[in-house]
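Chemist: Okay, predicted coordinates and the sequence, questions at the end:
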Amino acid sequence: MDLLTVLVFSVALTVAASTTIKIDPRVLDDAREQGTTDIIVHMKESNLEKIRSHASSLRNADHHKRSEELYTDLKGYSDKVQRNVLQLLEKRKTPYMKVTQLWSVNRISVKNVTPETIKLLSEMSDVSAIREDRKFPIAKVFDLETVDNLEPTKNKNTGINENVWNVDRTGASSMWSYYGNTGQNITVANIDTGCRVSHICLKDKYEEGCWNDPSGQSEIPEDLQGHGTHTMGTIVGSCGIGLAPGATFSVCRGCGTQSCTESDLLACGDWIIYPTNTKGIYMPQCRPDIVSNSWGGDPNDPFYMDQVAAWDSAGIMHVFSCGNSGPECGSVGSPGDYPSVTCAAATDSLDKLADFSSRGPGSYPMRDGGKPDIAAPGVSILSAYNTSDTAGAYMSGTSMAAPHVVGMQVLMLRFIKGYIDSSKATPKCMGDLARAFIMKTAQPGNFNGTLDCDGVSDSDTPYNPFFGRGLGNVKDAYARNITDIYSINTMWGQLWAVLLFVILACVTIMPLAEGGYRRRNRGYGHGGGGGGGRGWGWGWGWRGGK
């Protein structure tokens, strides 16, 4: 064999090897077996952090302006970087193929793509990887007990509508009665199984037209599973089931009839920033201040990190459930284990940690502390259900805990937004402040002192890998952090209060809230990992325990 032949053969082997490395082996196997498959194309050029920084730097922009700027920047960047790939897909398009730009993360979802097109994509220099669009069955929800009629019940002595125990436990009902704060003028969203927006406890709170279903199953809001209706009921429901009944809501269905797909979850992430109606028209009223996520999977899965970072740049708050893999230590799932995410553990009516609630400290290094971030009610929670307009259900899981944290943050944000306008603090700063106040005033849970993860007990304060910083209570957060500002009646005093609010909230309080504390004996941060499974699934429903 002469030298030229050897060189040509070597180059051919190198090209073939690099092409193979780009493609997840499962992708080609599925495509050959079924004729087509669903993929996510990852682009080689990805300078997302720099692109996001422009929106983050807009000091005096309101949250709508910030989202519009972020959309323009990220969508424009994706259009440029993905141009050649999109042109190829257009040429290879079939009646069944669906192409979706995931512009927040600079990826492309392609459904029903052929093996031949996959091979052509893998040969493009613009493409770094081709991964399967992961699909998983909807997780079974345990401890489910349905109720036919969820209409409000009145106290026989006072004539006032009674609340479920978990609403009172979070301090939400005190915010209504003492301060008139029900979350007015705040918009929330959830990425879930959808929502029955005609439910008696929800129908007056839905922002008309604020629905997105990336799977294309329905142009009108629906929920075929009940999980999304239940979680939204806990956030904004009337009938005594919701923490912030004065707030309005939008819905994005990230989990369809039988499964959740990575592409749908990412498409919902885009829609949260720049919501459009079914005709593609921008709907600014649908843009939420905070998004609830009662889904997740194995630890240490970074697939949603760029999406969360985009929400941060837009000033959109976010809460995730921690997962139901307890009592194993280091079992908090992604995205709940990301350092910038607020992750909720679940407690019962006695303030004890639920057996199923995932334990920290988490997969990713943090300055101090770890996961979970905070604990909230998540056992035998009564809320709205999807089977009728008056139906209710009891459910258990950290899926139920996360909406409680969202509701508390809505009430806190309602006050902050009414006191400091966007010219004095960015949306992200105000959101961070709401989060910080609730985190730093959390109280220890009902611990037994025998639980241990990596030498840290459930009785340790102010952080432990069971309750996080403790049980959240929005009334305590309000009273201990804000009441004294109202006592400053002079003009200079109010100016100083505003200045102190912004400086301390964005500089001093936030590191405390994100990192927690420094332990007496050693730093506490990186831990966990594990989770050798290939995927994750919707709905942290209870899989066992008490």
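Modeler: Received the coordinates, thanks.
Chemist: switch to C-alpha atoms for all contacts and neighbour counts from now on
Modeler: OK.
Chemist: Provide the partner residues of Ile130 in its beta bridges.
Modeler: Ile23, Val41 (DSSP bridges).
Chemist: In this structure it contacts Val41, no?
Modeler: Yes: assessed by CA atoms under 8 Å, Ile130 is found in contact with Val41 at 4.8 Å.
Chemist: Any stretches of this structure with poor pLDDT?
Modeler: Low-confidence regions of the chain, defined by pLDDT under 70, span residues 1-21, 59-61, 136-142, 152-161, 257-259, 367-368, 420-425, 482-546.
Chemist: Excluding covalently adjacent residues, which one is nearest to the residue most central in space within it?
Modeler: Nearest to the geometric centre of the chain sits Asn293, at 3.6 Å (CA atoms, centre = their mean). Ranked by CA to CA, 6 or more residues apart in numbering and with sequence neighbours excluded, the top spatial neighbour of Asn293 is Phe320, at 4.7 Å.
Chemist: Can you tell me how far that neighbour is from Ala345?
Modeler: Going from Phe320 to Ala345 by CA to CA, to the nearest Å gives 10 Å.
Chemist: Would you mind telling me which of these two has the busier surroundings?
Modeler: Ala345 (38 against 29; other CA atoms under 10 Å).
Chemist: so which helix or strand takes in that one?
Modeler: Element membership of Ala345, judged by DSSP states H and E, is strand 342-347.
Chemist: now swap in Leu266 and tell me
Modeler: For Leu266, the host element (DSSP H and E) is helix 262-273.
Chemist: quick revisit: what element comes up after the strand holding Ala345 heading to the C-terminus?
Modeler: strand 374-377.
Chemist: The stretch 301-450 of the chain: strands as residue ranges?
Modeler: Per DSSP state E, counting those that start in this stretch, the stretch 301-450 of the chain carries strands over the ranges 317-321, 342-347, 374-377, 381-384, 392-395.
Chemist: Which one of these lies nearest to Thr229?
Modeler: strand 381-384 (5.9 Å; CA to CA).
Chemist: Can you give the contact residues for that closest one?
Modeler: By CA atoms under 8 Å, 6 or more residues apart in numbering, the residues outside strand 381-384 that reach it are 150, 164, 166, 199, 201, 229-231, 233-234, 237, 241-242, 390-396, 400.
Chemist: change it to 6 Å
Modeler: By CA atoms under 6 Å, 6 or more residues apart in numbering, the surrounding residues in contact with strand 381-384 are Thr229, His230, Gly233, Thr234, Ile241, Gly392, Ala393, Tyr394, Met395.
Chemist: Return the list of strands paired to that strand, each annotated with direction.
Modeler: Paired neighbours of strand 381-384 in the sheet (DSSP bridges): strand 392-395 (antiparallel).
Chemist: then the partner strand to PDB, C-alphas only?
Modeler: Output in PDB follows, covering the C-alpha atoms of strand 392-395 (Å, rounded to 0.1, in the frame of the first residue of the first chain):
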ATOM      1  CA  GLY A 392     -60.600  17.700  43.600                       C
ATOM      2  CA  ALA A 393     -57.900  15.200  44.600                       C
ATOM      3  CA  TYR A 394     -55.500  14.500  47.400                       C
ATOM      4  CA  MET A 395     -51.900  13.900  46.100                       C
END
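Chemist: List the buried residues of it.
Modeler: Using 16 or more other CA atoms under 10 Å as the test for burial, strand 392-395 gives Gly392, Ala393, Tyr394, Met395.
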